[in-house]
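> Quick one, structure for this:
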Amino acid sequence: MTVYNFSAGPAVLPTPVLEQAQSEFTDYKGSGMSVMELSHRSSLFDAIIKDAEKRLRELMSIPDNYHVLFLQGGASLQFSMVPLNLAQNKKALYVNTGSWSKKAIAAAKELGNVEVEVIASSAKDNFTYIPEITPDMIDQDAAYLHITTNNTIVGTAYKSIPNAGNVPIVADMSSNILANDYDVKDFGIIYAGAQKNIGPAGLTVVIIRDDLLGLYEVNEPMLDYKTQAAANSLYNTPPTFAIYIAQLVFKWLQELGGLPEILKQDQEKAQLLYDAIEKSNLFTSPVRPDSRSLTNIPFVTGNAKLDQKFNVEALAAGFENLKGHRSVGGMRASLYNAFPKEGVQALVTFMEKFEKENGGL
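Numbering: from 1, shown residues only. As a prediction, this is how the structure comes out:
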């Protein structure tokens, strides 16, 4: 039975990447050592991390005045690092679009010396859309505006980035990095956990504009962007194997044709599923059409017992991790870059069959 992994993260990885990693697992480039055994100070690993950065810069057209950092702690650690480095004794602006935005807001408040202002929220409508942000809403004296570009749990995404004037935009891009056509120059900081579109869990990518380094004294060097940038992500031992896999994923993306091609493929996959939902008399999308994500697509029947039946039967048919997040229920298909189009086609066929058999319930 073919298995399709719809997990929201850790998520599906490209088969060619897994196969190359397997072939090099016990002996990397004739060294007699696994990548996991290489010193992070060795010439072999130095080549890996430098090539990973070079390929990511090429893929995302990252300007020279931005640093690329390969860190640990997940995107959740960035919820604290961002205000600590950018907003001590200043105001920070947030847009609340779901669970991860709420956690970022809470972390900033916990610091105690940051004035947190939530300028917009879709909470009253169960986060089913991205609220409009207009320039007049943004205090130009604020340290930054924080947004979550794609909301993994509820399936919403920014189609365009707000105009924040001179205020740097900080973006949690964990679930749609390398799956969008945003311009890096529109952001002061982009951060993303790797476990969705980049590689295995344990690596966090931070892209930060040079002028945002060293704004405040940060007494914990591990949490200081300036310290991490000066050490080229090697202040301590980085997640070496995760960076190696990320390098292979970046290479795979380039060989596919780069972001324009992968975005085209992502749009085609998402449209297949959205079209099936729209024509269905059983399944519906809870998300407003103008805010729908390409990478995380929730859908429901409107009947909790029927949703449960679908999830049980889908799992038995080889569709792994389709069950919606515990906070919202229903179903959710995460269609990251490495997820195959034939998996979406198989899911649509299964949904049609299920509807014929259960649509009258």
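> list the contacts for Ala87?
For Ala87, the set of contacting residues under the criterion of C-beta atoms under 8 Å, 6 or more residues apart in numbering consists of Ala108, Val114, Ala143, Tyr144. Heads up, the C-betas are built off the backbone N, CA and C, glycines and all.
> I'd like to know how far it sits from Ala107.
When C-beta to C-beta, to the nearest Å is the yardstick, Ala87 and Ala107 sit 12 Å from each other.
> can you tell me which helix in the protein is longest?
Longest helix in the chain, counting residues (DSSP state H): helix 258-279.
> Pretty sure Asn180 sits against Lys159.
No. Taking C-beta atoms under 8 Å as the definition, Asn180 is not a contact partner of Lys159, at 9.3 Å.
> Among the two, which residue is more densely surrounded?
When Asn180 and Lys159 are compared for neighbours, Asn180 comes out ahead with 21 against 12, by other C-beta atoms under 10 Å.
> which residues of the stretch 1-150 of the chain fall in strands?
Per DSSP state E, counting those that start in this stretch, the stretch 1-150 of the chain has strands spanning 4-5, 66-71, 91-96, 115-121, 145-148, 150-151. These are given in chain order.
> Would you mind writing the CA trace of the fourth one as PDB?
Coordinates of each C-alpha in strand 115-121 appear next as PDB, following Å, rounded to 0.1, in the frame of the first residue of the first chain:
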ATOM      1  CA  GLU A 115       5.000  47.200  25.100                       C
ATOM      2  CA  VAL A 116       3.000  44.800  23.000                       C
ATOM      3  CA  GLU A 117       0.200  46.100  20.900                       C
ATOM      4  CA  VAL A 118      -2.000  43.800  18.800                       C
ATOM      5  CA  ILE A 119      -3.100  46.000  15.900                       C
ATOM      6  CA  ALA A 120      -5.400  43.400  14.200                       C
ATOM      7  CA  SER A 121      -6.900  40.000  14.900                       C
END
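> can you pull the buried residues of it?
Applying a neighbour-count criterion of 16 or more other C-beta atoms under 10 Å, the buried positions in strand 115-121 are Val116, Ile119, Ala120, Ser121.
> Let me see the mean pLDDT of that strand.
Averaged across strand 115-121, pLDDT comes to 98.
> again with the third one
For strand 91-96, mean pLDDT rounds to 98.
> contact partners of it?
Around strand 91-96, the neighbours that count as contacts under C-beta under 8 Å, 6+ apart are 83, 86, 101-102, 104-105, 108, 114-123, 131, 133, 138-139, 141-148, 167.
> From the residues you listed, list just the buried residues.
Using 16+ other C-beta under 10 Å as the burial test, these include 83, 86, 101-102, 104-105, 108, 114, 116, 119-122, 131, 133, 138, 142-148, 167 as buried.
> So which of the strands of the stretch 1-150 of the chain is nearest Leu263?
Ranking the strands of the stretch 1-150 of the chain by distance to Leu263, with C-beta to C-beta as the measure, places strand 150-151 first at 13.1 Å.
> Okay, now the sheet partners of the closest one, with direction.
Strand 150-151 has the following strand partners under DSSP bridges: strand 156-157 (antiparallel).
> next helix or strand past the partner strand?
Heading C-terminal from strand 156-157, the first helix or strand you meet, by DSSP states H and E, is strand 169-172.
> so what does that next one touch, helix or strand wise?
Strand 169-172 sits against helix 74-86, helix 99-110, strand 145-148, strand 189-193, with contacts defined as 3 or more C-beta pairs under 8 Å, 6 or more residues apart in numbering; DSSP states H and E.
> one more time with 6 Å
Using 3 or more C-beta pairs under 6 Å, 6 or more residues apart in numbering; DSSP states H and E as the contact criterion, the neighbours of strand 169-172 among helices and strands are strand 145-148.
> What mean pLDDT does the strand it packs on get?
Confidence over strand 145-148 (mean pLDDT, whole number) is 98.
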